[in-house]
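Asks: dropping a prediction and its sequence here:
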Amino acid sequence: MKIKNNRIWLLVIILVSYFVVGFPDGAFTVSWDAMELGLGLVTFHSGIILVGYSVTYTLAGIILASLNRFIKLQTIYLFGLIIMALGFVGLAFSANFIMALITITVYGFGTGAMASSMNAYMAKHFSAKQNNLMHFFWGAGAAVSPLIMGRLLVLDFSQTYVPGVGYDFNVYEYGWTAGYLVIAGIVGIVGLMLLISMYKKIWIDDDGRADEAVQTHETSERKKHLTKKWHEAVEILTFFFLGGTDYTVVFFTSTVLMRERGFTIAEVAIFSTMYYVGMTLGRLVFGWLAKWLKEITIIRIGIVIAVTGVLTLWFTSSIVGMAFAGFGLGPLLPTLVCDTSNRFKPKLISKLVGYELAAFGAGIAVLFFITSVVLTLTTYEALFPIVLSFILLVFLCNEILQRAWKTS
């Protein structure tokens, strides 16, 4: 009974702590426009900053397997949280572009270490349903952080943004500094909770007994595996395109709405929140449906919903489209991670999950940067066909693997 209770408390701690992993994405989508004005930057700088963030995020995933030879996954997770908190504090006091770039790369490494280590940990010790629940909490954190940041931003514009002209503002205060300090404080509280849990020794070591649901899943599903190197490459590429889709759609939709369609910062903050609310609900709903639906079915349904959402945004500027895009994209990451354990041998899971999360970060960097360049050289309205092409590539890569797995 004590072991069972410990597992329940462990899951609670994982869920609460993964809540803060969503903070960087949600907060940055709202704070960037304020930082851009305050630091005298342009849209192109956002691409450079996201490259810096994603390089260190990717590096954390690549070196996960090597670190795990000497350090437990839960310890890597704690170190990642500490690094992320330090990055938030540094960003709060950034006075120019270089300082902002450096501090964002710092918390990028921390976020990558947390995401890759905990996804690997969950793949080893918990079920697909619980993994979706963990990502549900990530979405909740990403949904709350824009509200925290938006509340602390103080923007007093004398008129609405005029495309091609800019904002004519009278008062600008660095509310994003306070926002990041508040977020760093919340992360610090979660870090203390993790330290206490480790002191109480309720974490399962890497050689510990896996969850019964996972054991049953392994017995029933892992009868055949993908074994070729190109299979692993396509798996990793799937996450690359998903990473590019995930962040590009929420960040640049805000830019399109403000700079082309006359929306205010307050309205854009609500759009960002609705995206992550949709993502959170998608993970909750499909996590529950995972009892009856196969992973491939969830992925296909999610892609159809995401495409519907992007098309709705493109043609109507409706917040419903934003919610649908998040709802459809939401279950893709945790479901694809879980499907890795179906398609590949158990001994490859930790390494592959690390590479998958690294590819996810690389997709954010490369595809976000490419998108920022294209939008700068053409029109912000080009965002929507670009995002649709990314989603299509996720679908194609996954279908190629599914066909290979069926015929193996």
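Replies: Nice, I can see it.
Asks: dump the residue contacts of residue 59.
Replies: Contact partners of residue 59, counting by C-beta atoms under 8 Å, 6 or more residues apart in numbering, are 109, 112, 358. Backbone N, C-alpha and C define where each C-beta goes, glycine included.
Asks: hmm, residue 61 and the second one touching each other?
Replies: Yes: counting by C-beta atoms under 8 Å, a contact exists between residue 112 and residue 61, whose distance comes to 5.5 Å.
Asks: neighbour count: the two, which is higher?
Replies: With neighbours defined as other C-beta atoms under 10 Å, residue 112 and residue 61 compare such that residue 112 has more, 31 against 26.
Asks: that's a helix at that one, yeah?
Replies: Yes: Residue 112 forms part of a helix when assessed by DSSP: H, G, I helix; E, B strand; the rest coil.
Asks: how much space is there between it and residue 87?
Replies: As judged by C-beta to C-beta, to the nearest Å, residue 112 and residue 87 stand 11 Å apart.
Asks: now swap in residue 295 and tell me
Replies: 33 Å.
Asks: can you check residue 236 too?
Replies: Residue 236 is 26 Å from residue 87, by C-beta to C-beta.
Asks: neighbour count: the two, which is higher?
Replies: residue 87 (26 against 18).
Asks: quick one, what contacts the more buried one?
Replies: For residue 87, the contact set (C-beta under 8 Å, 6+ apart) comprises 103-110.
Asks: how about those residues in a markdown table, adding neighbour count and pLDDT?
Replies: Below are the contacts of residue 87 laid out as a markdown table (neighbours: other C-beta atoms under 10 Å; pLDDT from 0 to 100):
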| residue | neighbour count | pLDDT |
| --- | --- | --- |
| 103 | 23 | 89 |
| 104 | 23 | 88 |
| 105 | 19 | 90 |
| 106 | 22 | 90 |
| 107 | 28 | 85 |
| 108 | 29 | 88 |
| 109 | 23 | 92 |
| 110 | 25 | 92 |
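Asks: where along the stretch 251-400 of the chain do the helices fall?
Replies: Ranges of helices in the stretch 251-400 of the chain, per DSSP state H, counting those that start in this stretch, are 265-289, 295-316, 319-329, 332-343, 349-377, 383-407.
Asks: nearest to residue 249, of those helices?
Replies: When those are compared by C-beta to C-beta, helix 383-407 sits nearest residue 249, at 4.9 Å.
Asks: quick one: the closest one to helix 349-377, angle?
Replies: Counting by axes from the mean of the first three to the mean of the last three C-alpha atoms, to 10 degrees, helix 383-407 lies at 150 degrees to helix 349-377.
Asks: so what's the gap between helix 383-407 and the chain middle?
Replies: Put simply, helix 383-407 sits 19 Å off its chain's centre (C-alpha atoms, centre = their mean, to the nearest Å).
Asks: so which bits of stretch 60-80 are buried?
Replies: 60-65, 67-68, 72-80 (16 or more other C-beta atoms under 10 Å).
Asks: now the end-to-end length of it.
Replies: End-to-end distance of stretch 60-80 (C-alpha to C-alpha, to the nearest Å): 9 Å.
Asks: same question, stretch 57-76
Replies: With C-alpha to C-alpha applied, stretch 57-76 spans 14 Å between its terminal residues.
Asks: sorry, back to before: which among the helices of the stretch 251-400 of the chain is found nearest to residue 12?
Replies: Of all those, helix 265-289 sits nearest to residue 12, with 16.0 Å by C-beta to C-beta.
Asks: low-scoring pLDDT stretches of this structure, where are they?
Replies: Along the chain, segments meeting pLDDT under 70 span 1-5, 29, 33, 42-44, 128, 153-175, 206-223.
Asks: would you map the helices across the stretch 1-150 of the chain?
Replies: Remark: helices assigned in the stretch 1-150 of the chain by DSSP H, counting those that start in this stretch are 2-19, 23-39, 43-62, 64-68, 73-92, 97-125, 128-152.
Asks: hang on, the earlier thing: what is in contact with residue 112 and residue 61 at once?
Replies: Residues touching both residue 112 and residue 61 by C-beta under 8 Å, 6+ apart: 357-358, 361.
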